[in-house]
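1. The amino acid sequence is not available; the structure is as follows:
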């Protein structure tokens, strides 16, 4: 039989464990908030939109962000890299291409909010997980709440290099398509470099792309809408 002393200690032990868990939870989220606030400091403050250059677009929903660029420009023709890829329909009538990087599991398993699973979202945020690229042939006029900026040819070339480097490639230097997955007639998924987690989200990827191109953007941008914080809405 346990002594009265042992019985009285058990509730106190659980109380101490609970208190430690609450403290750890608060420290984690306070630290995360501090990182987010510090990350909002802008970089590339000398950036100015170009009078003559390449017009790019950013779109951001409540959870995801994309970069939209022309399919063809003097600096880059994207079509040859996707000519042998499988799309459900002809995409040659589109003028632009949208690139989005994100958690592979969430991307492939969550086509609509009806497919949303808390376990998938939790895994994406709290555990470093594999990523993929989502490519959509589109037109800017299809997109609501977009932000546009015209960047110089040199800045655009840096952006192109960043986007290309995000894709995994085969021995022939082609993008590795993930067969059997698409949301619509004009999109496809591809294997990507990098791991997705709370501080490295699709918005983080867009922010890094802008910073590498020399566009004014936050130092860190894991939250929705933050990559376009210092750009004017169209």
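-> That came in fine, so what should we check first? Nothing here was measured: the structure is a model prediction, and the numbers come from that model.
2. Next one: the closest residue to residue 94 other than its chain neighbours from residue 61, what distance?
-> In space, and not counting its chain neighbours, residue 94 is closest to residue 137: 4.0 Å by CB to CB, 6 or more residues apart in numbering. The way it works is simple: take the backbone N, C-alpha and C, and place the C-beta from them, glycine included. Applying CB to CB, to the nearest Å, one obtains 19 Å for the distance of residue 137 from residue 61.
3. and if you look at residue 49?
-> In this structure, residue 49 and residue 61 are separated by 24 Å, where distance is defined by CB to CB.
4. From the chain's centroid, how far away is stretch 143-155?
-> For stretch 143-155, the distance between its averaged C-alpha position and the chain's averaged C-alpha position is 17 Å (CA atoms, centre = their mean, to the nearest Å).
5. Which residues belonging to it are considered buried?
-> Along stretch 143-155, these residues count as buried under the neighbour rule (16 or more other CB atoms under 10 Å): 143, 146-149, 151-152, 155.
6. Report the helix or strand with the lowest average pLDDT across the protein.
-> When each helix and strand of the chain is scored by mean pLDDT, DSSP states H and E, helix 118-126 comes last, with a mean of 55.
7. immediately after that helix, which helix or strand?
-> Downstream of helix 118-126, the next assigned helix or strand under DSSP states H and E is strand 129-138.
8. who's in contact with the residue nearest to residue 94?
-> Going by CB atoms under 8 Å, 6 or more residues apart in numbering, residue 137 touches 71, 87, 91, 94, 96-98, 186-187.
9. How about residue 144?
-> residue 59.
10. Let me know the pLDDT of it.
-> pLDDT, the model's per-residue confidence, is 82 for residue 144.
11. which phi and psi does it have?
-> Torsion angles at residue 144 (phi, psi; degrees, to the nearest 10) stand at phi -90, psi 160.
12. hmm, back to that, so if I had to pick from residue 49 and residue 61, which one is more boxed in?
-> residue 49 (16 against 12; other CB atoms under 10 Å).
13. Surely the more buried one touches residue 147?
-> No: applying CB atoms under 8 Å as the test, residue 49 and residue 147 come out as separate, 11.5 Å apart.
14. what pairs with the residue nearest to residue 94 across the strands?
-> residue 97 (DSSP bridges).
15. Would you check how far apart it and residue 58 are?
-> Between residue 137 and residue 58 the distance, using CB to CB, works out to 17 Å.
16. just residue 133 next, same as before
-> Residue 133 is 16 Å from residue 58, where distance means CB to CB.
17. Check residue 154 too.
-> Shown here: residue 154 relative to residue 58, a distance of 19 Å by CB to CB.
18. Now residue 203, what are its backbone angles?
-> Torsion angles, degrees, to the nearest 10, at residue 203: phi -70, psi -40.
19. burial of it, as a residue count?
-> Each residue near residue 203 was counted by other CB under 10 Å, and the total is 25.
20. Now do the contacts for the spatially most central residue of the chain.
-> Central residue of the chain (CA atoms, centre = their mean): residue 202, 1.1 Å from the mean position. The neighbourhood of residue 202, defined by CB under 8 Å, 6+ apart, consists of 63-65, 100-103, 196.
21. which one is it nearest to, not counting chain neighbours?
-> residue 102 (4.2 Å).
22. Residue 70 now?
-> Nearest residue to residue 70, sequence neighbours excluded (CB to CB, 6+ apart): residue 96, at 5.7 Å.
23. now do residue 156
-> In space, residue 156 comes closest to residue 54 once its chain neighbours are excluded; the distance is 4.1 Å by CB to CB, 6+ apart.
24. Fine, thanks again, bye for now.
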